[in-house]
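A.B. asks: With the input below, show me the fold.
(2 chains)
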Number of protein chains: 2
Amino acid sequence: MVNPVLPSSGVLSPLGLDAVRVPAGFWGDRIALNREATIPHCLEWQEREGWIGNFRGERPRRGREFSDSETYKLLEGMAWAGHPALPELAATVASAQEGDGYLNTRWAGNRYTDFEWGHELYCYGHLIQAGVARLRAHGEDQLTEVVRRAADHVCRRFMDTTETCGHPVVEMALVELYRATGVERYLEMARRFVERRGRPALADIPFGRAYFQDEVPVRQAQVLRGHAVRALYLASGVVDVAVETGDQELLKAVESQWERAVARRTHLTGGMGSRHADESFGEDYELPPDRAYNETCASIASIMLAHRLLLATGDVRYADVAERTLYNMLATGVALDGRSFFYVNPLQVRVAALPFEGVNHAAEGGLRSRWFDVSCCPNNIARTLASLPAYLATSDEGGVQIHHYTPSEITHGPLALRVETGYPWSGMVAVRVLSGGSGRISLRVPAWAAGATLSYAPAEAPTSSPRPEGGTPTRAVDPGYAVVEGDWLPGDVITLELPMAPRWTYPDRRVDALRGSVAVERGPLVYCAESVADEVPLSEVAARVSRPPSDVAPSGADPVVGVELTAALGRPHSNGWPYGPDPDPAGGADHTLRLVPYHRWGNRGPATMRVWLPIAE
Amino acid sequence: MVNPVLPSSGVLSPLGLDAVRVPAGFWGDRIALNREATIPHCLEWQEREGWIGNFRGERPRRGREFSDSETYKLLEGMAWAGHPALPELAATVASAQEGDGYLNTRWAGNRYTDFEWGHELYCYGHLIQAGVARLRAHGEDQLTEVVRRAADHVCRRFMDTTETCGHPVVEMALVELYRATGVERYLEMARRFVERRGRPALADIPFGRAYFQDEVPVRQAQVLRGHAVRALYLASGVVDVAVETGDQELLKAVESQWERAVARRTHLTGGMGSRHADESFGEDYELPPDRAYNETCASIASIMLAHRLLLATGDVRYADVAERTLYNMLATGVALDGRSFFYVNPLQVRVAALPFEGVNHAAEGGLRSRWFDVSCCPNNIARTLASLPAYLATSDEGGVQIHHYTPSEITHGPLALRVETGYPWSGMVAVRVLSGGSGRISLRVPAWAAGATLSYAPAEAPTSSPRPEGGTPTRAVDPGYAVVEGDWLPGDVITLELPMAPRWTYPDRRVDALRGSVAVERGPLVYCAESVADEVPLSEVAARVSRPPSDVAPSGADPVVGVELTAALGRPHSNGWPYGPDPDPAGGADHTLRLVPYHRWGNRGPATMRVWLPIAE
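C.D. replies: Take a look at the predicted model:
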C-alpha cells in the first residue's frame, strides 16, 4: 500500500505504487524523466544554493525562511522514487535536529516567534510527508525516526495552545502519519489545527486574514479563498481530518467550497489563483488570462484535494478536474528536459521572455527557469511525478476504477489489467486482462467526452460462468463511469473510445476578461497559439468559429497531435488613444493558425502565447 | 508668479495662483473643501499616526520609512493654501535637521545605506517642493531656509557620485528650486540624477530594475514603464531638465514615451498602472478594469507630466489627457466630505466593500478610507487641489489660453476674464471680458467635442479699433484650440458650446480585458453603473447599444447630470464549470440602467461598480 494518501474509509480506496506500474507513454515518460533528470537537478541546485548546507550548519544560512521545506519535498520524491542518495540526505537533515525533536535551520534559537510568516509548522508538514513516503515505500529508517520525533515535538508543543501556522500543510501530513503509524495523537493534533483556524489564530496582515484562511472558521467558509496553495493544502488536510473522524459536516463544507471555486475561480487549464500580489484566488469570475497566477504548486495542491474528495465520495467530477489539471498544469510546469520549470502559468503572454539561465528571482517570465529563490514548484513537481501512479486507479468492494488513461499495469487481488493507449493523443483505450478475476471494471468517461463508446471482446467463447454484459457490440456510454461487470479471463479486452476531435470552448458570460473569445480543447488538453520569435502577431489573431478546428497529424517520432484553425489576421493600427466612438472588431485576411498543446508551450525558445482567441466577426 | 511649475522657456507660460482665481463651481468647491476639510484632516492624522512626532524625536519612530514625505506634501499644500499652521509645522520639521543639512527621521545615524528602498532623496524632493511653494506663495522663511540647506547638502553629497534614489521626485524638485532661486547647481544636480539613471545606478530587485526606471537610460526608453508613480515623477523631472538645458533630444524621448503610454497603457479614466503586485504600468494593452491599480498619486503625477509637456510644446493632446485625469481620477480620489480617499481606482468592483473607519492597511477596497499606512494619496490630493488654479490657463506672447473650464477669473496683463460655466454638467462656456486688452484668446476644444461651436458677442457697437473676427454668428470649431483675436472691451463675451450628449465609447480590439464591452462618456466625464447595497446585479447587466444613452436631469441642489440607458438584465445561472461548448452571450429582459459619473461612485455606501458594460446581443 505505497500511497501518499491512504484513508481508512471512503467510497474508493487508492491503488498505490505497488499496484500500478506506469512504464511508458505520456506519464510514464515523464515519471522516468523525473527520476533521471528532475530529482538530480533539484538535488544539485539545493546543494548549490546552500539549502542542504544549512542542515550542516554552514553559515551564513542561505535561502528563504522556508527553504528546509524544499529539501523535505525532494526527500519525499526520493522516497517514492527509491533514490539511492536518500539515506545520506536524511542523515544531513537528522544532524540538525535538536534533542527535543525541534528541527528548523532558520528559527533554531528563536523558535515560534512568527506564526504568520515563519513557516515552521509548514516545514514540519513537508518533513512528515517525506517520512510517510519513506515508511510506506521502504520502512523504518533514520528519516522516519527524525519524523516521529519531530511530530511528537509538534504534538507536545501545540496540542493545548491556540496557535497555528500561516501556511497550512502540517494538517494533512499529521493525518497521513496517523494513518501510517496508528498513533492517534497525530490525528488529534491535525484536528485541532483545523478547528482553531479562523477563530482567528493569526494576526491581521495587509492582505487580510483570508490570505491564510484565518478570517472565518473552515466550516463556515463559502469558497476556497486567499493564497491558493495555502487554501488547497488546508482543504486537503480538512478532508483528511473529516474522513478519519467521520465528520460529514466538515467534509460537506470542503465539497461546497471546492464546487464554487471550480465553478467560478478556476482557469480553463485547471489552474487556480488569479492574483500576483498575494498569490490568491481573487473573486468569483476574476479569471484574467494574462495575469493568471496559476502557481504550479497550487495545481499540485488542487490535484491532491481532488484526489482526496474522489476517494471520499467517488464523484467523477473530482477526477475530471484532476485530469484537466494533470495534463494542463502539472505537465506544463516542467520542460521537456526535466530541468526547468514554470512557477506561474498564465494563459496569455504578450511579450516573449528574454533567454535566461540563472536563478529566477521574480518567479515569473515566459520561459521556464532552472531555479527560483522560492523553489517550491520544482521540488513539488519532483515528489508529485514520483508518486503519480498512485493517483490513477482505485478499488472498492465491487472492483477496480480506472480514472486516468496512460499505458500502465494495474493489479488488484487476482485481477491484473494492462491499459494500452496513445492517450491523450488518441482516444482509444484498451484495457486488457492479464490475469483473471471477478468484479466490476469502471472506466471514467470525462465530462467533455459526449459520444464515447465502449466495446468488449472476450478472449474466448463464453464459458459456463457469466461473462460481462455488454458483449461485443459497441455501445454508447455517457460521461461518468462506464461499468463492465463479470468474471474476467486473460485476454479479455474492454475498449473505450473517447471522441478526440478538437472543439471550441466558450467562457461563461460573467468571466469579464474572456468576453468575445474562444479556446480550443482536444480530449483533456487545452491548446494554445504559440508564436516563437514572434512569427505570428498574436495580438492580431482572431478565430473564425464557423469552421471547426482540425487535427494536425504528428510528425516524426513526436506523438503530439497539433490543431489548426482558420484565423483572421488583422493589421496593427496606430491610435493615439485606445478608446473611440466605434467598435473595433477583430478581423482581417484568413490564415491557417496552428495551435500546440498548452503544456508544450515555451519549449522552443522565447515565444508569445495565448489560449483564448478573439472571435472574428 | 505663484506656480508649482515655472519653466524659463517653452511654448506656453503658466498663469499662477496670483492670476487665476477659482471661487466656486466644480473645482472651486473642491478647492474650498480641500482647504477646509482635507488639509486639516491630513494634519490631524499625521499627528495621530505619529509621523509629525517623528520630527520631534518621539520614540519609537512611527510610520513607514518614507513618512517624512507625507508631511512635506502636506506642507506644500499648506503653502499654496496659505494655511496658518504652516510656520509651526515647519519649525517642527526644522528641529530634526542636522548641522550639515541632512534631514530624515528614519535614516538619521544610518544615512544613505539603502538607495533602492530608503527613499531619502525622495523625501528631499517633496521637502524641496514644499519650500518652492512657500518661497513663491509667501517668501523666505524658516521652511525655505531648511530647504536650501537640505538641497545644498544633497548637492554636496551627490554631485560627484553615481548614486540615485529608487523613487524619483528629487529631479523635478531641484529644477523648480533652481527656477525659484536661480542657483544653477540645483539644475546641474537634477541633470546628473536624470543622466545616471539606467547605467544602471541601483541594484537589481525581484521586480526588475524597470520598476524604478533603471534598466535603461531615460533617453533610450521606449515607453513609460515600471512603477507608475516613479515613472511619471521621473518623466516630469526629465521634462524640466530638458527644458532648462535646452535638450531637445531628451524632451522628444519623454514625448514619445508619453505617447505610447497614453495610446496603450492608460485606462479610460486617465488612470495609469495596471498591476497590483508592483504598482506598475504593465504591458501594452494590459488594461484590466477590475484589477486596474490606477493609484491616485499616479494620476496626479500624470497631470504634472502632461502640464509640463503642454507648457513645453503647446500641444493640445496634453491638456486633453490632463482634463480626463482631473475629472475622472483626481476628483475620484477624494470623497464628497473631503476626508476619505481612494488609493487604487479600479474600473470594476464586483464585491461591495465592508464599511470601515480606521487605517486601511492594504490601500485597497471599494470604499474610500480615512487614512492608509502609506498615505501618499491624501496628502498628494491636498497639495494638488491647493495649487489647481495654476493648471487651468496659460499665456504666450500673443495672448491667453484657457485649457480647463470652471467658474474662474483670469488676469493677464491688462486683460481680465471671467469664465462662466456649469461645466462639466453643461457644455456652455462663456468667457466675459472684465477688463480690456488686446491679443488672442484661445479656448481648448477637447478631442471628444466634435461639433463644438463658438460665438462672440461684443459689448457695444464696433469702434474704430478692429474687433475680434468671428463676430456674432456662431461658427463650428474643431477639436484643438479655438482662437479669437482682437482688442477686447469690458462686456465682450465669447461663448463656446461643447456638445454634451452622452456617448458610447468602445475599446481598441487589442485591449483583451475589455473585448465585447462598451462604456459611456459625457463631456469629459466617464460614467459608471453603481449598485448600492447590490440593488442591481451588475454581473448580469448588458448594454443595448442600438439605443443611445440619454441625460437624467439633476435633482434638487445637486448639479450632477446622470445618464440612463437600456440594459438587458440576465439571470444568474449556475454552472459547475465556467466554460462550455456554446457561446454564452449577455442578454435578458430590458431595464433602464442609471449611470453616475465615475468620480461620484462610492459616496453612498458599499457598492459594486462597473465602467465597462458587456454589449447585449
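
A.B. asks: need the residues of the stretch 501-617 of chain A near chain B, please.
C.D. replies: Taking Cβ under 8 Å from any Cβ of the partner chain as the criterion, the neighbours of chain B within the stretch 501-617 of chain A are A:503-513, A:515-517, A:519, A:539-540, A:570, A:574-586, A:612, A:614. For the C-beta atoms, the positions are set from N, CA and C on the backbone; glycine is no exception.

A.B. asks: Let's see that with 7 Å instead.
C.D. replies: By the rule Cβ under 7 Å from any Cβ of the partner chain, the part of the stretch 501-617 of chain A lying against chain B is A:503-513, A:515-517, A:539, A:575-586, A:614.

A.B. asks: are any of these buried, and which?
C.D. replies: A residue is treated as buried here by neighbour count (16 or more other Cβ atoms under 10 Å in any protein chain shown); on that basis the buried members of these are A:503-513, A:515-517, A:539, A:577-579, A:584-586, A:614.

A.B. asks: which parts of stretch A:485-502 are buried?
C.D. replies: Buried residues in stretch A:485-502, counted by 16+ other Cβ under 10 Å: A:485-486, A:488-489, A:492, A:494-498, A:500, A:502.

A.B. asks: Are we agreed that A:C528 is in a helix?
C.D. replies: No. When classified by DSSP: H, G, I helix; E, B strand; the rest coil, A:C528 is found to be strand rather than part of a helix.

A.B. asks: Provide the partner residues of it in its beta bridges.
C.D. replies: On the basis of DSSP bridges, A:C528 takes part in beta bridges with A:V596.

A.B. asks: That one: neighbouring residues, count only.
C.D. replies: Using other Cβ atoms under 10 Å in any protein chain shown, A:C528 is surrounded by 30 other residues.

A.B. asks: need the strands for the stretch 351-500 of chain A, in chain order.
C.D. replies: Remark: strands assigned in the stretch 351-500 of chain A by DSSP state E, counting those that start in this stretch are A:359-360, A:371-372, A:393-396, A:399-402, A:408-412, A:415-421, A:428-435, A:437-445, A:452-457, A:475-477, A:480-488, A:493-497.

A.B. asks: when you scan the second one, is anything in it near chain B?
C.D. replies: It refers to strand A:371-372. No. Contact of strand A:371-372 with chain B is not found when judged by Cβ under 7 Å from any Cβ; the minimum separation is 10.1 Å.

A.B. asks: ok, now how distant is A:T411 from B:F372?
C.D. replies: Here A:T411 is placed at a distance of 62 Å from B:F372 (Cβ to Cβ, to the nearest Å).

A.B. asks: More neighbours: which of the two?
C.D. replies: With other Cβ under 10 Å as the criterion, A:T411 and B:F372 differ in neighbour count, and B:F372 comes out ahead with 22 against 18.

A.B. asks: what does the stretch 201-350 of chain A put close to chain B?
C.D. replies: Residues of the stretch 201-350 of chain A lying near chain B by Cβ under 7 Å from any Cβ: A:206-208, A:259, A:262-264, A:268, A:276-277, A:283, A:285-286, A:288, A:290-291, A:317, A:348, A:350.

A.B. asks: Pick out the residue of the stretch 101-250 of chain A closest to chain B.
C.D. replies: For the stretch 101-250 of chain A, the nearest residue to chain B under the criterion Cβ to the nearest Cβ is A:P206, separated by 4.4 Å.

A.B. asks: pretty sure that residue is touching B:V359, no?
C.D. replies: No. When contacts are counted by Cβ atoms under 7 Å, A:P206 is not listed as touching B:V359 (10.6 Å).

A.B. asks: so where is chain A shaky, pLDDT-wise?
C.D. replies: A:460-472 (pLDDT under 70).

A.B. asks: Wait, a strand at A:D551?
C.D. replies: Yes. When classified by three-state DSSP, A:D551 is found to be part of a strand.

A.B. asks: And for it, nearest residue in space, chain neighbours not counted?
C.D. replies: With sequence-adjacent residues excluded and distances taken as Cβ to Cβ, 6 or more residues apart in numbering or on different chains, A:D551 is closest to A:V561, at 5.5 Å.
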